[in-house]
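[1] Below: sequence and its predicted model.
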Amino acid sequence: MLSCNLTSRDFAALLSTASAFVGGIDPRKWPVRRLDGREVNAVYNDRHTNEDIGPSLKGGHFPIPESNWDHIVVPGNTVLEDYLRLIQQIESTASFSSTHFMDADGFMEWHTNKGESPEKPHRLYATYNDAPGSFFRYIPNGSTEVITLEEPVGWYVKVFNVEVELLHCIRSRANRWSIGIRF
């Protein structure tokens, strides 16, 4: 299984544990809660403005089209609850940051997450694609190089630090489930 550490800290144990757990899970029957673009934009505009975050692109510049972005329902999903408890054994402050479902036409524009939770600057994402073609694209801090991580079919995990202004975007060409944990 592909795992990516986009930080300078050693997260080998965390990535190995997350990979082993999600490797046998099929998320395709998990319930999702459909969000429309107005609802998502209202949430982000209320919580994250460019004035609060500085150069982050979230806030006023975060348009989400209709029927692009849904949340995986966590309460009552014992698999996700068990996954979080397992991660908390390694990183005790871990909590869910996001649980997303995107369909084959989904995307999230260029943005950073800087300022959302400086006390928990790291994100661990486990992502599942049911077909090829999706990607995670980013620009490392202090660079102008655009790096595209072609996402595999099935699960992969990555960890990154959002407080170093990691500019990134996502394009989904498959049904794509992602589970984000902050710590």
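    Perfect, thanks for sending it.

[2] buried stuff in the helix or strand hosting Thr99?
    Using DSSP states H and E, Thr99 sits within strand 95-102. The neighbour-count check on strand 95-102 (16 or more other CB atoms under 10 Å) flags Phe96, Ser97, Thr99, His100, Phe101, Met102 as buried. C-beta: built from backbone N, CA, C; applies to glycine.

[3] Can you list the residue ranges for helices in this protein?
    In the chain, the helices defined using DSSP state H lie at 12-22, 37-47, 50-53, 78-88.

[4] show me where pLDDT drops low in this structure?
    Within the chain, the set of residues satisfying pLDDT under 70 comprises 34-70.

[5] Strands along that one, start to end?
    Counting by DSSP state E, the chain has strands at residues 3-5, 32-34, 70-72, 95-102, 107-111, 122-129, 135-139, 147-150, 154-161, 167-171, 176-182.

[6] export these to CSV and tack on distance to Ile25?
    Below are the strands of the chain laid out as CSV (distance: least, CB to CB, whole Å):
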stretch, distance to Ile25
strand 3-5, 15
strand 32-34, 15
strand 70-72, 12
strand 95-102, 13
strand 107-111, 23
strand 122-129, 8
strand 135-139, 20
strand 147-150, 21
strand 154-161, 7
strand 167-171, 20
strand 176-182, 10
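
[7] do you know which of those strands lies nearest Asp26?
    Smallest distance to Asp26 across the strands of the chain (CB to CB): 8.3 Å, for strand 122-129.

[8] what's the spacing between that closest one and its chain's center?
    Offset of strand 122-129 from its chain centre (CA atoms, centre = their mean, to the nearest Å): 5 Å.

[9] Going by distance to Arg182, which of the buried residues of strand 95-102 wins?
    Among the buried residues of strand 95-102, Ser97 lies closest to Arg182 (CB to CB), at 3.9 Å.

[10] how about that closest one, what does it touch?
    Counting by CB atoms under 8 Å, 6 or more residues apart in numbering, Ser97 makes contact with Glu116, Ser117, Lys120, Arg123, Gly180, Ile181, Arg182.

[11] ok, 7 Å please
    Counting by CB atoms under 7 Å, 6 or more residues apart in numbering, Ser97 touches Arg123, Gly180, Ile181, Arg182.

[12] any chance of the residues you listed in TSV, plus neighbour count and distance to Ala13?
    Conversion of these to TSV gives the following (neighbours: other CB atoms under 10 Å; distance: CB to CB, whole Å):
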residue	neighbour count	distance to Ala13
Arg123	22	17
Gly180	16	19
Ile181	24	14
Arg182	20	18
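
[13] Just confirm Phe21 contacts Ile87, I think it does.
    No: with contact defined as CB atoms under 7 Å, Phe21 and Ile87 do not form a contacting pair (8.4 Å).

[14] Could you check which of those two is surrounded by more residues?
    More neighbours surround Ile87 than the other of Phe21 and Ile87, with 22 against 17 (other CB atoms under 10 Å).
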